[in-house]
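S.K.: Sequence and predicted model, in that order:
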Amino acid sequence: MSRYEAVIGLEVHVELKTKSKLFCGCSTEFGQEPNSIVCPVCLGLPGSTGVLNKKAVELAVKAGLALNCEIGTYTWFDRKNYFYPDLPKGFQISQVFRPIAYKGYLDIDVNGQNKRVRITRAHLEEDPGKLIHSGGSITNSRSTNVDYNRSGMPLIEIVSEPELHSGEEAKAYLEKLKAILEYTGVSDVKMEQGSLRCDANVSVRPAGTAGLGTKTEIKNMNSFRAVQRAIEYEAKRQIGVLEDGGRVIQETRGWDENKGETLSQRNKENPDYRCFIEHDLAPIGLTQQWIEEVKATIPELPDARRKRLIHEHGLPDYDAGVIISSFGLAEFFDATLKKYSDAKTISNWITGELLRLLNARNVELNETKITPGRLAALLQLIEKGTISNKMGKEVFEEVFETGKEPEQIVKEKSMLQISDEGQLTGIITEVIAGNPKSVADFKSGKEQAIGFLVGQVMKATKGQANPGIVNTMIRERLG
Amino acid sequence: MEIHTLPVHRLAELMERKEVSGEEVTRVFLERIDRQEKEIKAFITVTPEEALICARAFDEKRARGDKLSPLAGVPMAVKDNICTQGVKTTCASQILSNYIPPCDATVVEKLKAAGAVLVGKCNMDEFAMGVSTENSAFFATKNPFDYEAAPGGSSGGSAAAVAAGEAAFALGSDTGGGVRQPAAFCGVIGCKPTYGSVSRSGLISYASSLDHIGPLARDMTDLALILNVIYGYDAKDSTSVLQEAPDFQKSLRNDVKGVKIGLPGEYFGAGLEPQVAAKLREAVRKLEELGAVCEEVEMPHTEYAVAAYYLIAAAEASSNLARYDGVRHGLRVEADDVTNMFNKTRGAGFGNEVKRRILLGTYALSTGHYEECYLKALEVRTLVRQDFDRAFAKFDCLLTPANPATAFKAGAKTDDFPAVCLSDVCTIPVNMAGLPALSLPFGMAEGLPVGLQLIGRHFSEGTLLQVGYTLEQNTGQTRLSPGLFANNSFGGSR
Ligand SMILES: [Zn+2]
């Protein structure tokens, strides 16, 4: 047990899923030609005036409510002033003094224990543009290009209290946060496209004390796993500094994924942003009624859903956990359950075949052709004995790829299971006649020999025979 | 008939009766610009070709029998901090000396749609920071009444253009008096409408919470016609107020019976030139004769307004002017790295007055000074507003000097910061409260125009028009002509 404990606060920037930017009509589409989705407003041209995107406010409020925050009914925007080439106006429009959401919390699971992490605030702000250096950084590269497509994209910044104590807790917090934002449709939460970005404030203190040590801000982490590793590394580094009698310097450090370490970027002792009210934008007044209307659109969130899957539908803890980990899977499960009543069977297929194929093909659920209706239809075919479980997997894969209805696939492939004893009698007679040794083994009490005989019938029928019926018929013949 | 001296509504009548075409009117003004500009220098850019094309287009519409706005075919001048599509908009600054906006400001768009003909962009103090139009990065503008006098500022070019018959009306911007003070100095009417009533979209910001666009005109009827076009909600300006635009022509009533007019003692205090004071007393007597009730009122926080204003305006300016960094538009001075490029560009691109205010504003917002400077100034702003609230509980409008003095000598105030500030003492509090106000010429003192100011409740421009119109109809003192109108070649009189 270390003499020190880490204290971690996370600042998460989340891009809101709106069609247009925060203060102009430019599209928010990702991956476009540089500087192709810009206008006078998001380029900060002289005289341009922006107007707030109502959908962004709605999504911010939705996120705030889902994170158990209080919602400000009278808030406004402020300017954070600093010079940087990616910042077209020389200031960033943010909410410094009055965030739209504040005083919330998030429950996470750490080693089976529930832990409540308080959220300080979630506020609206605009994204700056993006710098592309021909060399390593703005100071040592020969030239730097600026892409303003990202300029003015709507963000919320969600700030946690410094209440996390390990990389693992931080990762659990991020996973839960991501799930909630996905469930509420607030964001695409794709770290690889930058729609979710995380900075970590890390400090260490003697275990059991309450004060806060000098913190460093860690940036450049491109996955939750990287966040976990970076925090673990940084806490260890700071403890090392202190144990050697040194002093932690307040600074920004970048995570180097390849080296697996954090590196000092620049000394940053509280930059003076000279914040003040943004007078070019009217304040945001929200009525309680409108907030209630937004609240009504929030779907059942992961924690509540997990409880329901376990207690109402009898799913094992593991299954419930897998299904709720993604809003898409959870919705898929519920929709299938409306058409087919056996929850555990549905769960088996989702956590089994569906996930296996999604991983194997590396696709998202909504990119496939499988639907709740088609899965339910497939499960009914199996239940009725029209096809075997094994055939079902083959049909599932084809539905997944082509979107054909299961019954049609079964018909086309003449996959109908043969359960008709009249059709099977002849084949069974041939198999018994052709395998005297196995017949003798079975008769002498070797139970497993019947498996071989059933297998031969299946082979002869190209897997279409109903194995249960074949088993019974062979036993009758040999009994 | 001296076309260039006529108000808009008279030009409209003549064009309506086909006595003169929009093209002919435009040519008269363009010729005057040609002849006078080497002296007066009201314009940074003149747009003769575009103006004639536009005038002809509306003449054709008129010939087709289209119903046109009274502004159709009327030459207008626009201050060079209001964006005009395809026409250089410089803010009279080196840093924007080649900036061509991709779109029109909302006010320009509305006026063009009504048929007004843009003849050029007017000189001003750089980024509207100044009271003399001598802080232009390019050249100073002269006062048409006296070439030795300053035209006022920051909309000095706009005021001079209207006074000199180089445009029938003009647009300016008013952050602390920038329309009203030059209007007073140049003997024309200047109006600053209620904050939020005229879109700021396309106005290049100096201090967003104080900036207003306002018209400069020759008489109250013209002012009403222009306000009718530019007033009202604009979806592009988030601070624009959802308010139906009234028909201001209905406010042109020759009647002030029972109108309660407050006279704030603080505006008539020390520094008020005796001759200006005498003209104001004359105006008050006239209004009383006509049935208005004039009484003194106390506005105790007026004396703190100027200091607070300069902190607030400078603070906002330090942020609004941060975008001029050489990265995207305007001037760029190359350097070995990006920080040096920022510094050199801004060092070369901004004039001294602009740098002074950026420094002041940056200081006022900095950690350690924020409370004692910026927040204190905001508190004063609230107190100033409350003074007005109290006054308007009793009065329909207030009457004050537009400036304590007539136009000062050219060069007198270029580098005297405190004097520059104090010169705006009558106009600044109005911007702090976002109230509508207009300055109206009222006679002359020693060869220079005197201006009085009317201040109203929010959205009460109608009341100000009514009082101003009544003064106009009952005194011969509101239409002033500079001497240069006497020896023009268009001859005749009316
Ligand atoms: Zn845009």
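M.R.: It's in.
S.K.: Only C-alpha atoms from now on, for both contacts and neighbour counts.
M.R.: Noted.
S.K.: Look up how far A:Met221 lies from the closest residue in space to A:Thr144 that isn't next to it in sequence.
M.R.: Spatial nearest neighbour of A:Thr144, excluding adjacent residues (Cα to Cα, 6 or more residues apart in numbering or on different chains): A:His133 at 4.4 Å. Counting by Cα to Cα, to the nearest Å, the gap between A:His133 and A:Met221 amounts to 19 Å.
S.K.: Of these two, which one has the most company?
M.R.: The neighbour comparison of A:His133 against A:Met221 (other Cα atoms under 10 Å in any protein chain shown) goes to A:Met221, with 21 against 16.
S.K.: shouldn't the more buried one be in contact with A:Val227?
M.R.: Yes - contact between A:Met221 and A:Val227 holds when scored by Cα atoms under 8 Å: they sit 5.7 Å apart.
S.K.: what is in contact with those two at once?
M.R.: Applying Cα atoms under 8 Å, 6 or more residues apart in numbering or on different chains, one finds that A:Met221 and A:Val227 are jointly contacted by A:Cys198.
S.K.: returning to what we had before: just to check, the residue nearest to A:Thr144 is in contact with A:Asp86?
M.R.: No - with contacts defined as Cα under 8 Å, A:His133 does not count as touching A:Asp86, sitting 11.8 Å away.
S.K.: May I ask which helix or strand of chain B has the lowest mean pLDDT?
M.R.: With mean pLDDT, DSSP states H and E as the measure, the helix or strand of chain B carrying the lowest mean pLDDT is helix B:417-422 (a mean of 60).
S.K.: Repeat that for chain A.
M.R.: Of the helices and strands making up chain A, the lowest-confidence element is strand A:261-267, at a mean of 83, by mean pLDDT, DSSP H and E.
S.K.: Export that one to PDB, keeping only CA atoms.
M.R.: The C-alpha coordinates for strand A:261-267 follow below in PDB (Å, rounded to 0.1, in the frame of the first residue of the first chain):
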ATOM      1  CA  GLU A 261       4.800   8.300 -20.500                       C
ATOM      2  CA  THR A 262       3.700  11.900 -20.000                       C
ATOM      3  CA  LEU A 263       6.000  14.700 -21.300                       C
ATOM      4  CA  SER A 264       6.100  18.300 -20.200                       C
ATOM      5  CA  GLN A 265       4.500  20.600 -22.900                       C
ATOM      6  CA  ARG A 266       4.700  24.100 -21.500                       C
ATOM      7  CA  ASN A 267       4.500  25.700 -18.200                       C
END
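S.K.: Each with direction, which strands does the following helix or strand past that strand pair with?
M.R.: The C-terminal neighbour of strand A:261-267 among helices and strands, as given by DSSP states H and E, is strand A:276-277. Strands adjacent to strand A:276-277 in the sheet, as given by DSSP bridges, are strand A:78-81 (antiparallel).
S.K.: Give me the mean pLDDT for the strand it pairs with.
M.R.: Model confidence over strand A:78-81 averages 98 on the pLDDT scale.
S.K.: next SSE after that strand?
M.R.: Under the assignment DSSP H and E, the closest C-terminal helix or strand after strand A:78-81 is strand A:91-94.
S.K.: Give the other helices and strands that the helix or strand hosting B:Val430 contacts.
M.R.: For B:Val430, the host element (DSSP H and E) is helix B:428-433. Identification of packing neighbours for helix B:428-433 by 3 or more Cα pairs under 8 Å, 6 or more residues apart in numbering or on different chains; DSSP states H and E yields helix B:302-320, helix B:376-394.
S.K.: any idea which helix or strand comes after that helix?
M.R.: Following the chain from helix B:428-433 toward its C-terminal end, the next helix or strand by DSSP H and E is strand B:437-445.
S.K.: From the contact counts, what lies against that next one?
M.R.: Using 3+ Cα pairs under 8 Å, 6+ apart as the contact test, the elements touching strand B:437-445 are helix B:180-186, strand B:189-192, helix B:274-289, strand B:448-456, helix B:461-474.
S.K.: possible to save the ones you listed as a markdown table with distance to chain A?
M.R.: Output for the helices and strands packed on strand B:437-445, formatted as a markdown table (distance: least, Cα to the nearest Cα, whole Å):
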| stretch | distance to chain A |
| --- | --- |
| helix B:180-186 | 22 |
| strand B:189-192 | 18 |
| helix B:274-289 | 36 |
| strand B:448-456 | 23 |
| helix B:461-474 | 23 |
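S.K.: A:Thr49 sits in which helix or strand?
M.R.: Secondary structure assigned from DSSP H and E places A:Thr49 in neither a helix nor a strand.
S.K.: What confidence value was assigned to it?
M.R.: With respect to pLDDT, A:Thr49 has a value of 96.
S.K.: That one contacts B:Ser201, correct?
M.R.: Yes - look at A:Thr49 against B:Ser201 with Cα under 8 Å: they come within range, at 5.5 Å.
S.K.: joint contacts of the two?
M.R.: With contacts taken as Cα under 8 Å, 6+ apart, A:Thr49 and B:Ser201 have B:236-237 as neighbours in common.
S.K.: Tell me which of those two has more neighbours.
M.R.: Set side by side, A:Thr49 and B:Ser201 show more neighbours around B:Ser201, with 28 against 25, by other Cα under 10 Å.
S.K.: contacts for stretch A:433-442?
M.R.: Residues from elsewhere that reach stretch A:433-442, judged by Cα under 8 Å, 6+ apart: A:432, A:448-450, A:452-453, A:478.
S.K.: before we move on, what about stretch A:185-201?
M.R.: Under the criterion Cα under 8 Å, 6+ apart, external residues in contact with stretch A:185-201 comprise A:8-17, A:30, A:59-60, A:62-63, A:162, A:178, A:181-182, A:215-223, A:227, A:231.
S.K.: Which positions within it qualify as buried?
M.R.: Of the residues in stretch A:185-201, those buried under the neighbour-count criterion (16 or more other Cα atoms under 10 Å in any protein chain shown) are A:185-189, A:191, A:195-201.
S.K.: With only the CA atoms kept, save it in CSV.
M.R.: Provided in CSV are the C-alpha atoms of stretch A:185-201 (Å, rounded to 0.1, in the frame of the first residue of the first chain):
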residue,chain,number,x,y,z
GLY,A,185,-28.5,11.0,-28.1
VAL,A,186,-26.5,14.1,-27.0
SER,A,187,-23.4,13.0,-28.8
ASP,A,188,-21.8,10.4,-31.1
VAL,A,189,-19.1,10.0,-28.4
LYS,A,190,-16.5,8.8,-30.8
MET,A,191,-13.1,9.4,-29.4
GLU,A,192,-11.4,8.6,-32.6
GLN,A,193,-13.3,11.3,-34.4
GLY,A,194,-12.7,13.8,-31.6
SER,A,195,-16.4,14.0,-30.6
LEU,A,196,-15.3,13.0,-27.1
ARG,A,197,-12.0,14.4,-25.7
CYS,A,198,-10.7,14.0,-22.2
ASP,A,199,-8.1,16.0,-20.2
ALA,A,200,-7.1,14.8,-16.7
ASN,A,201,-6.0,16.9,-13.8
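S.K.: how about the longest helix anywhere in chain A: buried residues?
M.R.: Using DSSP state H to assign secondary structure, the helix with the most residues in chain A is helix A:224-243. The neighbour-count check on helix A:224-243 (16+ other Cα under 10 Å) flags A:224, A:226-239 as buried.
S.K.: The helix or strand where A:Gly373 lies - what's its average pLDDT?
M.R.: Element membership of A:Gly373 [criterion: DSSP H and E] is helix A:372-383. The predicted model gives helix A:372-383 an average pLDDT of 94.
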